[in-house]
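1. no letters, just coordinates:
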């Protein structure tokens, strides 16, 4: 068998994943902490104040990475849901369901920081503008996935149903987004772009990118930690879990 | 028509569902009553001035109709699940997506059509301008099948649960937002004297997409729920 395929098969086995994820976890957390500190220092202290918005613009260093992560986590969840439904890989079910609460948390932080920024800048906590509304709908979608997962008793069936809902959400999200855009606008247009020239100076940009990296590291750390616990409870009757509990004092 | 063909199965299912609805026709009236009640509460909250009511009329009617349909969606598969016929549908040799489409059609005809029929009355209650009424009816005619179809997918996912009402609402509402935006948007545009065709066309396009995909998705969801 192709070594890469073999590696994926190995990675899909819960005991192997549990062990490898346990090895990665401290490094991912450390990476998230270090890059997060550097990025926050760069953004909150070193970057110059905006000539129009003053210091209040600095909240984008939390807001924007979280907004990116809210979408990334949803796509990650849906992609794993797809794998779980098509190839019936148990680990993907676990990963998809572990991603949902983390993504919901990022979405919530995005909404809260956005409204904190909106008060001094737009003069209102909330406007029904296109991106805020899409983000709110995204939060409801996350809640739907989490709610469905917890409402069905059989864990694996619940994961498959919730993964299916996540996939429907992926089809629906662009429709929601564009219908909301059509419906109105007040939000400022996109300023950071990977394909074209960014409309933000380099001294303001680099902390943002560092923080985007830090949120990714945190997402994966949190995801792996959640997935490990979920695997333990899912496989609680299996031999490897029993071996794990009897041979060594519990950790992680 | 030869018995045993897919068409015969669909027609038998349609007849059976119509007969079941007719035998419990009191229940079928509940969504109508609900919509009338919701709409008649708004003047109490906002005051009886005709201008205020006319401004929010289209949106209110839209929301009331969608909520009334949501209320009845819950029962789409329930009696079939209880008497075991849902499992027979899943096991039958005919394409499950078509059979579900037949059930959704019955749901739309027995729930949404009466609601659309009563919409002119609701419009009168809220002083909707007469020239907006055709747009409202057209928008409802396009948006309610969407809700039936998307709702069927969500009901299929929650079919085994005892108390699925609140969860079903949580699943359906974010998915139905565009229908509300375009439907009520068309009415508001017409009321303001703007062009209203574009949002209706968008609704139609989305309905065409959902007509093809939603029964397939509902069939897949039902298979997940019943394993």
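-> Done, it's in. Note that the structure is predicted; figures quoted are calculated from it, not measured.

2. all contacts plus neighbour counts: C-alpha atoms, from now on.
-> OK.

3. residue numbers of chain B in contact with chain A?
-> B:154, B:157-158, B:161, B:167, B:170-171, B:174-175, B:177-178, B:181-182, B:185, B:221, B:224-225, B:227 (C-alpha under 8 Å from any C-alpha of the partner chain).

4. nearest residue to residue 224 other than its sequence neighbours?
-> You didn't pick a chain, so chain A it is. Once flanking residues are discounted, residue A:224 sits nearest to residue A:21: 6.0 Å by C-alpha to C-alpha, 6 or more residues apart in numbering or on different chains.

5. not what I meant, chain B
-> residue A:161 (6.2 Å).

6. what strand or helix carries that neighbour?
-> Element membership for residue A:161, per DSSP states H and E: helix A:155-183.

7. can you list the buried residues in that helix?
-> A:155, A:157-170, A:172-173, A:175-177, A:179-181, A:183 (16 or more other C-alpha atoms under 10 Å in any protein chain shown).

8. helix or strand right after it?
-> That would be, after helix A:155-183 and using DSSP H and E, helix A:202-234.

9. okay, angle between that following helix and helix A:155-183 too, please.
-> Helix A:202-234 runs at 150 degrees relative to helix A:155-183, counting by axes from the mean of the first three to the mean of the last three C-alpha atoms, to 10 degrees.

10. what's the following helix or strand after helix A:202-234?
-> Toward the C-terminus from helix A:202-234 - assigned by DSSP H and E - lies helix A:239-247.

11. quick one: that next one to helix A:202-234, angle?
-> Using the same axes, to 10 degrees: helix A:239-247 against helix A:202-234 is 90 degrees.

12. give me the mean pLDDT for helix A:239-247.
-> Averaged across helix A:239-247, the pLDDT comes to 81.

13. ok, back up a step: which ones among the residues of chain B next to chain A are found in strands?
-> Judged by DSSP state E, the subset of the residues of chain B next to chain A located in strands is empty.

14. weed out the non-buried ones from these.
-> With burial judged by 16+ other C-alpha under 10 Å, the buried subset of the residues of chain B next to chain A is B:154, B:157-158, B:161, B:167, B:170-171, B:174-175, B:177-178, B:181-182, B:185, B:221, B:224-225.

15. residue 217: how many residues sit nearby?
-> Using chain A. Using other C-alpha atoms under 10 Å in any protein chain shown, residue A:217 is surrounded by 22 other residues.

16. I was thinking of chain B, sorry if that wasn't clear
-> That count, for residue B:217 with other C-alpha under 10 Å as the rule, works out to 23.

17. can you tell me how far residue B:153 is from residue A:115?
-> Taken as C-alpha to C-alpha, to the nearest Å, the spacing of residue B:153 relative to residue A:115 amounts to 34 Å.

18. ditto for residue A:123
-> Distance of residue A:123 to residue A:115, given as C-alpha to C-alpha: 10 Å.
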